[in-house]
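1. sequence plus predicted model, see below.
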Amino acid sequence: MPDYYQEAQSLFEYTRDLRRDFHRHPELGYQEVRTAGIVARELQSLGLEVTTGIAETGVVALMEGARPGPVVLLRFDMDALPIVEETGAAYASENPGVMHACGHDGHTSIGLTVARLLHAHSQELAGTVKFVFQPAEEGLRGAELMVEQGVLQNPRPDISLAMHLWNDKPLGWLGISDGAVMAAAEMFKVRITGKGGHGAAPHLAIDPVLAAAHVITALQSIPARNVAPLQAAVISVTTLRAGEAFNIIPQYAELTGTIRTFEPEVRLMVLERFHQVINGVADAMGCKADIQCEGITPAVINREPIARRVRAVAERVLPDSPVTSHFATMGSEDMAFMMQDIPGCFIFVGSANSDKGLDAPHHHPRFDIDEEALPKGAALMAAAAADFLSA
């Protein structure tokens with residue numbers, strides 16, 4: 001196998017400059033017009049068959065090997081977040097209120113670098129690489145829309161691979177695990193309606209704020225007492241809104257938040273108990289509850305034979321990088337929609353460097369990565385794809 005890491009390092013300036021340009025010009029989901037234009041231009045410069053406008057701003061390109069073989073899908077997300085950047089970097093966002101605070105600028109530049117790496121060795125490949133540059137990963141269902149619009153057809157992939165720069169782990173670390181690695185996510189909104197009144201006469205009112213407080217506390221009994229200790233679930237109430245005045249008991253209180261699970265059976269049980277607890281507590285407090293709960297994405301599940309093979313590639317290509325096979329996070333990823341149909345592996349690439357002050361968490365105003373992670377991610381993705389196309 002070629003030395004993909006050495007080749008990726010030789011392209012470091014190309015990758016870094018692209019990443020900094022994307023970082024300087026971030027675009028929200030379904031608005032990645034400039035980003036998609038650069039992606040399409042770079043892929044077309046390699047002579048690839050490029051299709052644009054999938055899921056509004058998505059880009060897909062096909063690279064044929066010298067011989068027939070499997071189709072490997074490589075997914076890279078492009079969107080930014082509605083966050084005001086506070087990094088102070090020379091390449092900081094020039095789009096007020098929008099920031100690449102999750103690393104998708106790195107993913108996009110890595111994807112274009114992978115295209116260059118594999119294109120240089122296309123005559124050694126048996127099969128097809130399907131590059132998918134996805135919009136709107138950040139809770140906007142870009143992957144689901146791409147699937148609905150046929151990204152998994154013509155040709156249908158046999159294997160899917162994706163990666164995420166991961167600032168919770170240091171530069172050099174790799175997470176390539178079996179089974180569920182990212183959680184299924186639900187978004188909920190609950191309105192608890194009582195009876196408004198004067199704060200000085202609570203006995204004449206039915207207090208939805210008090211009911212909401214009991215609901216929030218009671219919900220924590222579900223992961224604590226209904227989920228088996230060796231399984232996992234998270235219920236987080238993240239907003240509580242009620243009332244406008246200090247001396248008025250409001251008519252209603254609203255809660256929003258998220259539910260995270262891995263196993264489908266745990267998810268179903270948690271959702272059932274979620275409704276039971278809210279309705280039961282609200283009723284006991286004399287209130288009515290209206291519950292809206294919407295699934296955002298299923299869990300990301302790595303297929304063990306594919307993950308095992310990718311780990312072997314990582315050990316060859318990046319021998320100095322420790323590889324863990326037992327990493328999972330309650331974060332979610334809509335790559336799950338593609339991996340539901342196409343078996344695959346989702347890879348985590350450590351990108352933090354505390355010595356450089358580059359260790360802010362994802363979705364933080366000071367988020368930034370150690371750019372030395374870029375050639376590591378590119379080399380691993382290119383080498384993994386080439387390994388599956390080596391028959």
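-> Sure, I can see it. Quantities reported herein were computed from a predicted structural model and do not represent experimental measurements.
2. isn't C293 right up against F274?
-> Yes: with contact defined as CB atoms under 8 Å, C293 counts as touching F274 (7.0 Å). C-beta: built from backbone N, CA, C; applies to glycine.
3. just the helices in this protein please.
-> According to DSSP state H, the chain carries its helices in the segments 4-10, 12-24, 33-44, 104-120, 142-148, 208-219, 221-225, 264-284, 304-317, 336-341, 373-388.
4. so C293 and F274 - more neighbours on which side?
-> Per other CB atoms under 10 Å, whichever of C293 and F274 has more neighbours is F274, with 21 against 15.
5. per-residue confidence at that one?
-> F274 carries a pLDDT value of 98.
6. which residues touch it?
-> For F274, the contact set (CB atoms under 8 Å, 6 or more residues apart in numbering) comprises 188, 219, 222, 235, 259, 291, 293.
7. what's the separation between the fifth one and A284?
-> Just to be clear, that refers to I259. 22 Å (CB to CB, to the nearest Å).
8. before we move on, back to that, just the closest of the contacts of F274 to G199, please.
-> L219 (25.9 Å; CB to CB).
9. low-confidence ranges, this structure, go.
-> Across the chain, residues meeting the criterion (pLDDT under 70) sit at 391.
10. domains of it?
-> 4-182+299-388, 184-297 (automatic domain parsing).
11. most neighbours per residue, which of these?
-> Across the domains of the chain, averaging neighbours per residue (mean count of other CB atoms under 10 Å) puts domain 4-182+299-388 on top, at a mean of 21.
12. end to end on that domain, go ahead and measure it.
-> 15 Å (CA to CA, to the nearest Å).
13. now do the contacts for the nearest residue to E56 once chain neighbours are set aside.
-> Residue nearest to E56 in three dimensions, not counting chain neighbours: Y30, with 4.7 Å by CB to CB, 6 or more residues apart in numbering. Under the criterion of CB under 8 Å, 6+ apart, the neighbours of Y30 are 55-57, 79, 135-136, 140, 142.
14. and the helices of the chain as JSON lines, adding distance to V72?
-> Output for the helices of the chain, formatted as JSON lines (distance: least, CB to CB, whole Å):
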{"stretch": "helix 4-10", "distance to V72": "15"}
{"stretch": "helix 12-24", "distance to V72": "21"}
{"stretch": "helix 33-44", "distance to V72": "16"}
{"stretch": "helix 104-120", "distance to V72": "10"}
{"stretch": "helix 142-148", "distance to V72": "17"}
{"stretch": "helix 208-219", "distance to V72": "42"}
{"stretch": "helix 221-225", "distance to V72": "37"}
{"stretch": "helix 264-284", "distance to V72": "27"}
{"stretch": "helix 304-317", "distance to V72": "10"}
{"stretch": "helix 336-341", "distance to V72": "12"}
{"stretch": "helix 373-388", "distance to V72": "5"}
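15. nearest to G357, of these?
-> For these, the distance to G357 is smallest for helix 373-388, at 15.2 Å, taking CB to CB.
16. now render the contacts of F274 as CSV, adding distance to F346.
-> Converted to CSV, the contacts of F274 look like this (distance: CB to CB, whole Å):
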residue, distance to F346
F188, 25
L219, 29
I222, 27
I235, 24
I259, 21
I291, 31
C293, 25
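17. which one of these is nearest to F131?
-> Among the contacts of F274, and counting by CB to CB, the member closest to F131 is I259, at 33.1 Å.
18. rewinding a little: check the gap between the residue nearest to E56 and T87 for me.
-> Relative to T87, Y30 is positioned 25 Å away (CB to CB).
19. check R16 too.
-> 16 Å.
20. surely F262 is in contact with A180?
-> Yes: between F262 and A180 there is a contact under CB under 8 Å: 4.1 Å.
21. now the common contact residues for the two.
-> Shared contacts of F262 and A180 (CB under 8 Å, 6+ apart): 299, 328.
22. return the residues in contact with D359.
-> Counting by CB under 8 Å, 6+ apart, D359 touches 167, 352-353.
23. rebuild those residues as CSV, extending it with distance to A8.
-> Listed next are the contacts of D359 as CSV, based on distance: CB to CB, whole Å:
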residue, distance to A8
N167, 20
A352, 20
N353, 18
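24. which ones are touching P157?
-> Taking CB under 8 Å, 6+ apart, one finds 71-73, 130, 342 in contact with P157.
25. look up how far G142 lies from the most centrally placed residue in the chain.
-> By CA atoms, centre = their mean, the mean C-alpha position of the chain lies nearest to E333, the distance being 3.2 Å. Distance, E333 to G142, by CB to CB: 11 Å.
26. follow-up on the earlier one: between the helices of the chain, which one is closest to I176.
-> That would be helix 304-317 among the helices of the chain, by CB to CB, at 4.7 Å.
27. what packs against the closest one?
-> strand 323-324, strand 344-352, helix 373-388 (3 or more CB pairs under 8 Å, 6 or more residues apart in numbering; DSSP states H and E).
28. related to what we said a few turns ago, so of the contacts of F274, which ones are in strands?
-> Of the contacts of F274, the ones assigned to strands by DSSP state E are 188, 235, 259, 291, 293.
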